[in-house]
Structure formats: C-alpha cells, structure tokens
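this one's sequence-less:
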C-alpha cells in the first residue's frame, strides 16, 4: 500500500461522501490497509513485528489526516448562505373553517350591506318566548316532547318551562322589547335543537332569523330581501319562490323555496329521485308578515307598524350551494367533505 498516494487522495477529497469512500478503500473490511495487515501472518515473527509496527504508524497517520480533512469538510458544509429571517415563511396547512362558519360569515356580510344588524339570543329559552309570544297556544304540536327538547329545571309561573331553543324566532319578541320599538332590521344567527334525524335534519342545526318592523312594510319588501340574499349567495341564475303556507306567528305566511342546484331543478339525479329536494325545489324555511299578536308581545302597535320575518336553516343553504346530499356528515368530522366543498 502506498502511504503517500493514500494521503494525497484523502487531502484531495471534495466532500464528506467522497472522503467516506476513500476511508472504506483503506480501512474497510476489504480495504487495502486491512488486507495488508491480514497478510502479516505470512511473515516470520521478526518481520511481522517490524512490518506490523510500521503499518500501525501509517494507519495512525492516515487516520489523523482523515480526521482533519473530515472536520474541514464539515465546516465547509455547515457554512451555508445566511438566512433572511424577514422573508415570508412557507405557510403550513393546519385546517380550515367549518362550512357552517363560512356560511354564517357570508350571510352576515350580505345583510350588513343592506342595513341589517346581527343580534343573537339564547340557546336555552323559556316556553313563553319560544311559543306564547309566537301565537302558539298550550296545545300546539310544536310543544310536544316529540318536537322539542325540554330542559329539566325550574318552572316559571310567567314563562313556563325551559327548552332547548327550537328556532331563532324566539328572538323576535325579545328584540322588539330590547329595541323598545321600530325601526328594526335584525338578523339573528344561532343554534337550534329538535329531535329529528335524516338527510335534511339533525338534532342540532343553525338558523338565521330575519326581522324587519317599521311603518308601511309589505310583502314586496319580504320578497325582495329574500331574492336579494339568494342572488348574492348563490348567483344571479338562482330562482326563488314564496309558496302560501300557514304559521301561527305570521299572517299571511309562506314557505321559502329555492331551485335545487344538486339536480338543477329537475328533481332527478342519475335517474333517481333527488335525495335532497325530491321535486326540483328545496324548502329553506318559513316566512311571512309578522302576526299582530307577535307585534303586541313586543309592545308594538300593529295598527301603526307592520313587519316581515323569516327563519332559514343554514345547513340547508349549504346543501344547495355545494354538492351535499346529506347534512349529517357536516357534524361527523369527515375533513374531506370540507375541502371538497370549500
């Protein structure tokens, strides 16, 4: 083995990878120095001692040269260009807002632009505000245990039992009392609770309530407001309709329908009935002119003032905006649903 040639190769190495390869050529299992040391057994005892001592010196010297070169290359490798800490970092994707949260933000922006303010009321409410102020008597079906979650707790002689708020409409009388009279232009966005479970119902859901009370308010104002919201949220091609209906707290009353985007208003998807709408139209909620009894519950004279109100489910709005046929996965933690419909 030529010591000078080996030392020269070590000193000329340009990288730690190259230096490691040279080390293996010299000191590896089949390296030249290792093989030379193994051949000592073929020499006589005197030659073996002399040659062994010589080879050990060469080994230590080459090892020293190797160590110096390794540290030198290590220093070169670690001296990288300086980092500019003022440059923007790479953003890590950690998640996204829930689709319902995004919808709530969009709704608030749309109505703020036309002069509505946002005010939210209780999730745990008294029967009085949930039913009595809305012209729903003691025998109304909505007050049955199969339709409403009742809360175990104190019973008020004036307000009755406590319930998990079944709708945002309980905020109508509260808002009229809080404002102490018109003009009122409110939207109320909150969680609601009903014991239902299917493709378009969950026990906990979100509603947003619209309430407008002033002098000379008509159905035209109601229809125009809903149409404006639908166009802003879904696009200019969306169709809306008010279908005559009956609610205790509005007179006249309407169901608010929107043309279904899942089936493009045809009522069919892949040669089967649309799971969401079943008819080409999706019922978003109820609406109508505020009943005189509701106005009086808010200390407002129905002979002087009139108003409209609506209540619309936010999850149903989402179903129409994206390709969501079942609202239950919204609350089952399937992240792929959110990215697909974002």
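Looks like it arrived, so ask away. Note that the structure is a prediction, hence the values are computed from the model and not measured. Numbering: from 1, shown residues only.

what does the model give residue 340 for pLDDT?
The score at residue 340 is 50. That number is its pLDDT.

one more: residue 322?
65.

one more: the one 4 residues further on?
The predicted local confidence for residue 326 comes out at a pLDDT of 75.

just residue 75 next, same as before
Note for residue 75: predicted pLDDT of 55.

and if you look at the one 3 residues further on?
According to the per-residue confidence, residue 78 scores 49 in pLDDT.

repeat for residue 125
In this prediction, residue 125 carries a pLDDT score of 93.

who does it bridge with?
Beta bridges link residue 125 to residue 163, judged by DSSP bridges.

contact partners for it?
Residues in contact with residue 125 (Cβ atoms under 8 Å, 6 or more residues apart in numbering) are 162-165, 170. No exception for glycine: its C-beta is placed from N, CA and C like everyone else's.

how near is the residue minimising distance to the centre of the chain to residue 228?
By Cα atoms, centre = their mean, the chain has its centre lying nearest to residue 98, at 1.8 Å. Distance, residue 98 to residue 228, using Cβ to Cβ, to the nearest Å: 26 Å.

ok, residue 65 next?
Taking Cβ to Cβ, one finds residue 65 at 83 Å from residue 228.

ok, residue 97 next?
24 Å.

neighbour count for these two, which is higher?
residue 228 (15 against 12; other Cβ atoms under 10 Å).

my read: the more buried one touches residue 116, true?
No - using Cβ atoms under 8 Å, residue 228 is not in contact with residue 116, being 11.0 Å away.

so what's residue 286 bridging to?
Beta-bridge pairing for residue 286 (DSSP bridges): residue 255, residue 311.

isn't residue 262 right up against residue 277?
Yes - counting by Cβ under 8 Å, residue 262 touches residue 277, with 6.8 Å between them.

who has more neighbours out of the two?
residue 277 (26 against 20).

what's the more buried one in contact with, if anything?
Applying Cβ under 8 Å, 6+ apart, we find residue 277 in contact with 260, 262-263, 267.

same deal with residue 156?
Residues near residue 156 by Cβ under 8 Å, 6+ apart: 126, 128.

longest helix in the chain, by residue count?
Longest helix of the chain, by residue count under DSSP state H: helix 45-78.

residue 4 in helix, strand or coil?
At residue 4, secondary structure determined by DSSP: H, G, I helix; E, B strand; the rest coil is helix.

how close does it sit to residue 184?
For residue 4, the distance to residue 184 - Cβ to Cβ - is 98 Å.

who has more neighbours, these two?
Set side by side, residue 4 and residue 184 show more neighbours around residue 184, with 23 against 7, by other Cβ under 10 Å.

my guess is the more buried one contacts residue 175, does it?
Yes - between residue 184 and residue 175 there is a contact under Cβ under 8 Å: 6.3 Å.

what sits in contact with each of those two?
Residues within reach of residue 184 and of residue 175 at once, by Cβ under 8 Å, 6+ apart, are residue 211.

domains in this protein, by residue range?
3-78, 99-120+176-341 (automatic domain parsing).

can you list those in JSON lines and add distance to residue 135?
Listed next are those as JSON lines, based on distance: least, Cβ to Cβ, whole Å:
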{"stretch": "domain 3-78", "distance to residue 135": "79"}
{"stretch": "domain 99-120+176-341", "distance to residue 135": "4"}
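
the closest residue to residue 131 other than its chain neighbours: what's it in contact with?
Distances taken as Cβ to Cβ, 6 or more residues apart in numbering put residue 143 closest to residue 131, at 5.7 Å, once the chain neighbours are dropped. Applying Cβ under 8 Å, 6+ apart to residue 143 gives the contacts 127, 131, 136.

surely residue 309 touches residue 172?
Yes - if you go by Cβ under 8 Å, residue 309 and residue 172 touch, sitting 6.1 Å apart.

so which of the contacts of residue 277 are in strands?
Among the contacts of residue 277, no residue falls in strands (DSSP state E).

flag the least confident of those.
residue 262 (70).

you'd agree residue 22 is up against residue 7?
No - counting by Cβ under 8 Å, residue 22 does not reach residue 7; the two are 10.3 Å apart.

any chance you could map the strands in this structure?
117-118, 124-126, 150-156, 160-164, 184-193, 204-214, 240-247, 250-259, 268-269, 272-273, 281-290, 306-313.
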